[in-house]
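S.K.: Fold the following and give me the result.
(one chain, ligands or ions: 1)
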Amino acid sequence: MRGSCPHLDKALETGGRISRRDFLDGALLASGGLLLSASAPAQSMLQESEWTGYTGEGDYRLSAGNMESVVQSAHSVRDGKYDSPPSGVIDTGEFVDCAIVGGGFAGLSAALFFSEKAGSGATCIVLDNAPVFGGVAKRNDFEVDGHRLYAPQASVHFQPPYPHSFLKSVYDSFGMDFNAFKEYQTWQGPSPSIDLTRSPYRVLEMDRKTYGFYFGAKFGKSPGVWVVDPWGKNLEGCPFPDAQRQELLAWRQGKRAEPAWVYEYPGDEVSRRIDSITMEEYYIRTLGLSRESVRLLYTKDTAGGLGLGPDALSGFCVYAWSSIPTTDDSAETGWNMFPGGNSGMNRMIVKTLIPE
Ligand SMILES: Cc1cc2nc3c(=O)[nH]c(=O)nc-3n(C[C@H](O)[C@H](O)[C@H](O)COP(=O)(O)OP(=O)(O)OC[C@H]3O[C@@H](n4cnc5c(N)ncnc54)[C@H](O)[C@@H]3O)c2cc1C
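M.R.: Presented below is the predicted three-dimensional model:
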């Protein structure tokens, strides 16, 4: 087997030949690796509670996107359960040009593209089995002192597009003006302003006097305790063992055990080396953190954004966090959010599809 694209060859270092054995070894390693220290897939499917736990607050509470029922439905399709219509199905005589199952980003975008390409005469229906469309891009709603507050859940931020990019054309198609996100609403309450970040990610790294760490049962605290402005207090009052406290403070001050491994292009020797270890190992070696501290500092973001902990992700994910082409990928100015996260974007898509 031989790569046909010179750029790809360089990236994959396949100037030479890739033998069938190389290919099969790689595939076997990857699929075997997935099973290491994890339950076998069939076993995982049975752990229903992990799929159907707490789903948030408010209108979107029971709209959680792809869950265990989706896997079960897919298996039923595979097993031929729907090869013929189930008994009791009523033919309403309705006809649509396009039927889309699932009103998350994928389904709603499909409907948007369909409406653009097929023109005004064509009909399309989006079916969703949750109370509110939007899938994983959902939000929490709270009533506090007569005010309705929105908070994001799961899919939260988006980045500025390049001027003539596909992403820009998608934003334009449902009327999202990215420039509107350059200025955020200012604080209007009577109490002092709360210094908020634009994203729930990387907040552990940020300096905010209004932020706090909560220590619960895992840290032997019952009831739990809040330590407000923990970095400003040099972690005083945080129930970390002294060695870990010192280590975290050193991390915070940017001290490293060794320089970051810098690669020239994805696929070169350095990037392959990074890819051959987990993110956890990479951070242990370069940041000089203990395994426990890596898990403490990074699991929240990697699990939330990539679905796995640093112990399971490739070290290369440190660099490949976002594959979205953007003019600004910084947490301070690049990442942007509607108050209810990406539910705002899905609501704009639906408003474009159904203007009234
Ligand atoms: C924790 C987390 C954080 C994320 N953060 C970001 C982020 O910050 N930015 C970003 O861009 N992306 C983020 N993502 C990724 C993004 O949310 C997903 O890529 C996106 O939601 C996938 O869209 P989807 O339509 O494929 O699936 P989903 O959003 O899961 O939508 C599936 C839809 O199908 C419906 N459905 C399921 N089964 C059926 C059925 N049998 N009949 C009818 N309807 C059905 C569901 O109710 C749901 O509405 C995040 C994902 C997660 C999990």
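S.K.: wait, what's in contact with the residue of the stretch 251-356 of the chain found nearest the ligand?
M.R.: In the stretch 251-356 of the chain, the residue that lies nearest the ligand is Gly304 (4.8 Å; C-beta to the nearest ligand atom). Placement of C-beta: from N, CA and C, glycine included. The neighbourhood of Gly304, defined by C-beta atoms under 8 Å, 6 or more residues apart in numbering, consists of 154, 200-201.
S.K.: Name the nearest of these relative to Val132.
M.R.: The shortest gap between Val132 and any of the contacts of Gly304 belongs to Ala154, at 13.2 Å (C-beta to C-beta).
S.K.: hang on, isn't that closest one packed against Ala137?
M.R.: Yes. Assessed by C-beta atoms under 8 Å, Ala154 is found in contact with Ala137 at 6.7 Å.
S.K.: Please identify every residue contacting each of those two.
M.R.: Common neighbours of Ala154 and Ala137 (C-beta under 8 Å, 6+ apart) are 65, 341.
S.K.: These two: which is more packed in?
M.R.: A count of neighbours by other C-beta atoms under 10 Å puts Ala137 above the other of Ala154 and Ala137, at 26 against 19.
S.K.: Could you pull up the residues touching the more buried one?
M.R.: Counting by C-beta under 8 Å, 6+ apart, Ala137 has contacts 65, 104-105, 154-155, 341-343, 345-346.
S.K.: The residue lying closest to Pro239 once chain neighbours are set aside: how many residues sit nearby?
M.R.: Leaving out its chain neighbours, the residue that sits closest to Pro239 by C-beta to C-beta, 6 or more residues apart in numbering is Phe219, at 4.7 Å. As a burial measure, Phe219 scores 14 neighbours (other C-beta under 10 Å).
S.K.: distance of Phe219 from Gln244?
M.R.: 11 Å (C-beta to C-beta, to the nearest Å).
S.K.: just Glu269 next, same as before
M.R.: Glu269 is 34 Å from Gln244, by C-beta to C-beta.
S.K.: Name the residue in these two with the higher neighbour count.
M.R.: Using other C-beta under 10 Å, the more surrounded residue of Glu269 and Gln244 is Gln244, with 17 against 10.
S.K.: Name the helix or strand for the more buried one, please.
M.R.: In the assignment (DSSP states H and E), Gln244 maps to helix 242-252.
S.K.: Also Val126?
M.R.: Using DSSP H and E, the element containing Val126 is strand 124-127.
S.K.: What of Thr302?
M.R.: Using DSSP H and E, Thr302 maps to helix 291-306.
S.K.: May I see the buried residues of that helix?
M.R.: Under the neighbour-count criterion of 16 or more other C-beta atoms under 10 Å, helix 291-306 has 293-295, 297-298, 300-302, 305 buried.
S.K.: For the next helix or strand after it, which helices and strands make contact with it?
M.R.: Later in the chain than helix 291-306, the nearest helix or strand by DSSP H and E is helix 343-353. Under the contact definition 3 or more C-beta pairs under 8 Å, 6 or more residues apart in numbering; DSSP states H and E, helix 343-353 sits against helix 105-118, strand 137-144.
S.K.: again, only this time at 10 Å
M.R.: Counting contacts by 3 or more C-beta pairs under 10 Å, 6 or more residues apart in numbering; DSSP states H and E, helix 343-353 is packed against helix 105-118, strand 124-127, strand 137-144, strand 147-154, helix 166-173.
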